[in-house]
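Trainee: after the sequence you'll find the predicted model.
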Amino acid sequence: MGKLTDKTVLLCVGGGIAAYKSAEIVRRLREAGSHVQVAMTAAATEFIGPLTLQALSGRPVARRILDAREDASIGHITIAEQADAVLIAPATANLISRLAAGAADDMVTAAVLAVRCPVVVAPAMNTHMFEHPAVQENLRKLETFGYRIVAPDSGVLACGTEGVGRLPDAEVLIDEVESVLTPQDLSGVRVLVSAGPTQEAIDPVRYISNRSSGRMGYAVAAEACRRGATVTLVSGPTALVPPRGCQTIQVRSASQMHAAARASVAAAEVVVMVAAVADYRPKTVAQDKLKKSPQSLRLELEATEDILSEMSAARGDRIVVGFAAETERVREYARGKLERKGLDLIVANDVSGSETGFDVECNAAWILGRDGSETSTGILTKRVLAERIWDRVAELRASRNSLSRRRLGGSDSA
């Protein structure tokens, strides 16, 4: 069950060239389990036909507020009351201006004025228009209404201008909708996450590494962002796009990851070390490429820094979560690692099968706690597993906060 399952999303389409992307947005929302109601401005219908969005959403498209047939039952109020979230994409300069002024002169503005659910606004327009002080002032005003503004992407625009103003991809926009429907139980919490593999150089061409794709760590970081956390992501080399809203520090080797983690941990309240850090590296690195020869090549290896143990040793009041990738005796080995390194939680991944583990979409895990708790997740997508991990962290934070309040209460009454 995803965050959008059985939720009704009101998609408001403005009249810009990016309106063509609304078809993909509707499709992806439906795939996520949402009911989608589309409302369009008159200008939007010039860029994409309402019949297309009706076919994709399975519902008639709301267009005309004064049409006797279409709005006979005060349709703009009905769709406003049914909505669990509103996504305005694309939001043109004109539409943003009318929303900021509280206009209700068409189906979109009238419906948005009547909603009492979260609203996500995704501006898309020419760079110079987006940067105009009037547009920026209107966006700031919408933020004071509690609307979530999605920063546009940069690139070559339809008008030929290169710069900021592109409507983000459907995946990004849907993630923003999920964020406004996600409990903000990590609001203001500073989080440090590590992700991906490390690469330990043999020579300028070759290195020692592992099969980690970084997907699990990126899913953990993205879910923390959705819950309102301030996230620093220290990432080894991956092919992934860093989650929006994270401060991402790109590293390559274990020593670089160690340095980045040390520099970032002081500000963190929760540390989640997901990265598959190489356990060993070559003791010496060749300055030039080693040439192939018939003889065997021997490498002398040395242990890399134990980043997780160091994070735990300097924990203070922090919650520290580790990961363990195992192919056998998963719980036993993970429990031993949790105890040796003094962790609050450890997530043990069973990477022995082809359907779970490295470089695939799913994991099968055990979440083990220092308090002796053990939870088997079964096979889950890494995104859902990330949700389960943060649920457990939120429980730990709530328990600690409750204990702290009781202690303070006892002190005050003494």
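Mentor: Structure received.

Trainee: could I get the contacting residues of Ile7?
Mentor: Rather than Ile, residue 7 is Lys. Under the criterion of Cβ atoms under 8 Å, 6 or more residues apart in numbering, the neighbours of Lys7 are Gly33, Ser34, His35, Asp84, Ala85, Leu181. For the C-beta atoms, the positions are set from N, CA and C on the backbone; glycine is no exception.

Trainee: show the buried residues in the residues you listed.
Mentor: Buried residues within the contacts of Lys7, counting neighbours by 16 or more other Cβ atoms under 10 Å: Ser34, His35, Asp84, Ala85, Leu181.

Trainee: so which of the residues you listed sit within strands?
Mentor: His35, Ala85 (DSSP state E).

Trainee: for the stretch 301-414 of the chain, which spans come out with low pLDDT?
Mentor: Scanning the stretch 301-414 of the chain for pLDDT under 70 picks out the ranges 404-414.

Trainee: what about the helices in it?
Mentor: 307-313, 330-341, 382-413 (DSSP state H, counting those that start in this stretch).

Trainee: let's have these in JSON lines, adding distance to Ala114 and mean neighbour count.
Mentor: Converted to JSON lines, the helices of the stretch 301-414 of the chain look like this (distance: least, Cβ to Cβ, whole Å; neighbours: other Cβ atoms under 10 Å):
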{"stretch": "helix 307-313", "distance to Ala114": "49", "mean neighbour count": "20"}
{"stretch": "helix 330-341", "distance to Ala114": "51", "mean neighbour count": "17"}
{"stretch": "helix 382-413", "distance to Ala114": "32", "mean neighbour count": "15"}
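
Trainee: related to what we said a few turns ago, go through the buried ones among the contacts of Lys7 and name the one nearest Val351.
Mentor: Nearest to Val351 among the buried ones among the contacts of Lys7, counting by Cβ to Cβ, is Leu181 at 32.0 Å.

Trainee: okay, now the nearest residue to Ala313 once chain neighbours are set aside: neighbour count?
Mentor: Once flanking residues are discounted, Ala313 sits nearest to Gly342: 7.2 Å by Cβ to Cβ, 6 or more residues apart in numbering. Gly342 has 15 neighbours, counted by other Cβ atoms under 10 Å.

Trainee: looking at this, Val272 is in a strand?
Mentor: Yes - looking at Val272 with DSSP: H, G, I helix; E, B strand; the rest coil, it is inside a strand.

Trainee: dump the residue contacts of Ala303.
Mentor: Here Ala303 is in contact with Asp279, Tyr280 (Cβ under 8 Å, 6+ apart).

Trainee: equivalent analysis for the one 4 residues further on, please.
Mentor: Residues in contact with Ile307, defined by Cβ under 8 Å, 6+ apart, are Ser194, Ala254, Met257, His258, Ala261, Met273, Ala275, Val277.

Trainee: how far away is the fourth one from Ala43?
Mentor: With distances taken as Cβ to Cβ, to the nearest Å, His258 is found 54 Å from Ala43.

Trainee: the more surrounded of these two?
Mentor: The neighbour count for His258 versus Ala43, taken as other Cβ under 10 Å, is higher for His258 (21 against 16).

Trainee: verify the stated contact: the more buried one with Glu305.
Mentor: Yes - with contact defined as Cβ atoms under 8 Å, His258 reaches Glu305; the gap is 4.1 Å.

Trainee: beta-bridge partners for the nearest residue to Ser376 once chain neighbours are set aside, please?
Mentor: Using Cβ to Cβ, 6+ apart and skipping residues adjacent in sequence, the residue nearest Ser376 is Trp366, 5.6 Å away. With DSSP bridges as the criterion, Trp366 is bridged to Ala348, Ser376.

Trainee: Trp366 against Lys337, yeah?
Mentor: No - if you go by Cβ under 8 Å, Trp366 and Lys337 don't touch, sitting 11.7 Å apart.

Trainee: shared neighbours, those two?
Mentor: Residues touching both Trp366 and Lys337 (Cβ under 8 Å, 6+ apart): none.

Trainee: for the stretch 101-250 of the chain, what spans make up the helices?
Mentor: Per DSSP H, counting those that start in this stretch, the stretch 101-250 of the chain carries helices over the ranges 107-114, 127-131, 133-144, 170-180, 215-226.

Trainee: which one of those lies nearest to Ile379?
Mentor: Closest to Ile379 of the helices of the stretch 101-250 of the chain is helix 215-226 (Cβ to Cβ; 13.7 Å).

Trainee: buried ones in that closest one?
Mentor: Residues Arg215, Met216, Gly217, Tyr218, Ala219, Val220, Ala221, Ala222, Glu223, Ala224, Cys225, Arg226 are the ones in helix 215-226 that count as buried (16+ other Cβ under 10 Å).

Trainee: just stretch 25-36 next, same as before
Mentor: For stretch 25-36, by 16+ other Cβ under 10 Å, it's Ile25, Val26, Arg28, Leu29, Arg30, Ala32, Ser34, His35, Val36.
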